[in-house]
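> Please work out how this folds:
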Amino acid sequence: MIMSEVLLAVFAGFIVGVLFSAIKLPIPAPPVLSGVMGIVGVYLGGHCYHWLVERFFQ
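Sure, this is the predicted structure:
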């Protein structure tokens, strides 16, 4: 289930990248690895917060 969501997200991102490049717009994504890792950090931080709340405060 999760793998199919990841593959669909990658496919959708690929299509958006192709379309934005075709119409000469800047690609709507962080241009470097540090930007991508920042997004990953925000995502993991949100999950960690929910895990901590469920584990220690309920």
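> Need the residues that contact the host helix or strand of residue 20.
Taking DSSP states H and E as the criterion, residue 20 maps to helix 2-22. With contact meaning Cβ atoms under 8 Å, 6 or more residues apart in numbering, helix 2-22 is reached by 26-29. For every residue, glycine as well, the C-beta is placed using N, CA and C.
> and after it, which helix or strand comes next?
Scanning the chain past helix 2-22 towards its C-terminal end, the next helix or strand to appear is helix 33-56 (assignment: DSSP H and E).
> how much space between residue 17 and residue 27?
6 Å (Cβ to Cβ, to the nearest Å).
> ok, now residue 42?
To residue 27, residue 42 is 20 Å away according to Cβ to Cβ.
> When those two are compared, which one has more neighbours?
When neighbours are counted by other Cβ atoms under 10 Å, residue 42 and residue 27 differ, and residue 27 comes out ahead with 13 against 9.
> Next up, the contacts around the more buried one.
17, 20-21.
> what would the residues you listed look like in CSV with distance to residue 33, neighbour count and pLDDT?
Shown next, in CSV, are the contacts of residue 27 (distance: Cβ to Cβ, whole Å; neighbours: other Cβ atoms under 10 Å; pLDDT from 0 to 100):
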residue, distance to residue 33, neighbour count, pLDDT
17, 16, 13, 86
20, 20, 14, 90
21, 20, 11, 90
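> possible to save the residues you listed as CSV with distance to residue 36?
As requested, those are arranged in CSV below (distance: Cβ to Cβ, whole Å):
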residue, distance to residue 36
17, 14
20, 17
21, 18
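> neighbours around residue 53, how many?
10.
> Give me the pLDDT value at it.
What the model reports for residue 53 is a pLDDT of 93.
> How about residue 1?
For residue 1, pLDDT reads 61.
> low pLDDT regions in this structure?
1 (pLDDT under 70).
> Try it again at 80.
Flagging of the chain using pLDDT under 80 yields the residue ranges 1-3, 27-31, 58.
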